[in-house]
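> no FASTA, just this:
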């Protein structure tokens, strides 16, 4: 099974907007940039061990430069699209390139474990969803890459499940401890700093 692991990423200056009241613009962009690079470092050995390729979908020149430096496949995101649009573009690319599966991982997981992601990638369901603590989608694995219509946003884990059922597919929900926490707001950031103290150095 040929798998493409893909990270959607906005330009750092446009990322983490829900932290605007907590961090300065410079600190917010710095945090987004740090988390993105940290995610790529985390994913590279997992991709190698799983026999997968690693890609980034973005419309940001800065993000593309960072991704290329890490040896990632680049997928150009159409300008002005939202997260669902970016992931849909990744799905089209993966299908066109002959990948059997598409795995979407966000760039802002707080403290991911390689073992959890490898377990997630071992799923053979057509649609596998790791929900976040607020019922977003923190990891998504679909086979084939265009198996469903992507529906990111509020309660997207449930919406992705419904999208699978609408195609006659049975979704598998796989909440994995280290993948359920991302950094979207001040409470998430505070929690993440306790688990990953180096985060404090990014925004202080």
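Now that the structure is in, tell me what you want to look at. As the structure is a computational prediction, the values presented were derived from the model and not from experiment.
> can you list the residue ranges for helices in the chain?
Remark: helices assigned in the chain by DSSP state H are 25-50, 61-69, 83-96, 114-121, 156-166, 186-195, 199-203.
> which among the ones you listed is found nearest to residue 176?
Residue 176 sits nearest to helix 114-121 of all those, at 4.1 Å, using Cβ to Cβ. In this view, the C-beta of every residue, glycine as well, is placed from N, C-alpha and C.
> compute the inter-axis angle for the closest one and helix 25-50.
70 degrees (axes from the mean of the first three to the mean of the last three Cα atoms, to 10 degrees).
> what is helix 114-121 packed up against?
Helices and strands in packing contact with helix 114-121 are listed as helix 25-50, strand 137-142; criterion 3 or more Cβ pairs under 8 Å, 6 or more residues apart in numbering; DSSP states H and E.
> return the most buried member of these.
Mean neighbour count (mean count of other Cβ atoms under 10 Å) peaks for strand 137-142 among the helices and strands packed on helix 114-121, with a mean of 26.
> which outside residues touch it?
If you take Cβ atoms under 8 Å, 6 or more residues apart in numbering as the criterion, strand 137-142 is touched by 87, 91, 101-106, 109, 117, 120-121, 123, 125-132, 148, 150, 152, 156-157, 160, 174, 176, 179-182.
> can you flag which of the residues you listed belong to strands?
Among the contacts of strand 137-142, the members found in strands (DSSP state E) are 101, 102, 103, 104, 127, 128, 129, 130, 131.
> from those, pick the one nearest residue 71.
Closest to residue 71 out of the ones in strands among the contacts of strand 137-142 is residue 103 (17.2 Å), distances taken as Cβ to Cβ.
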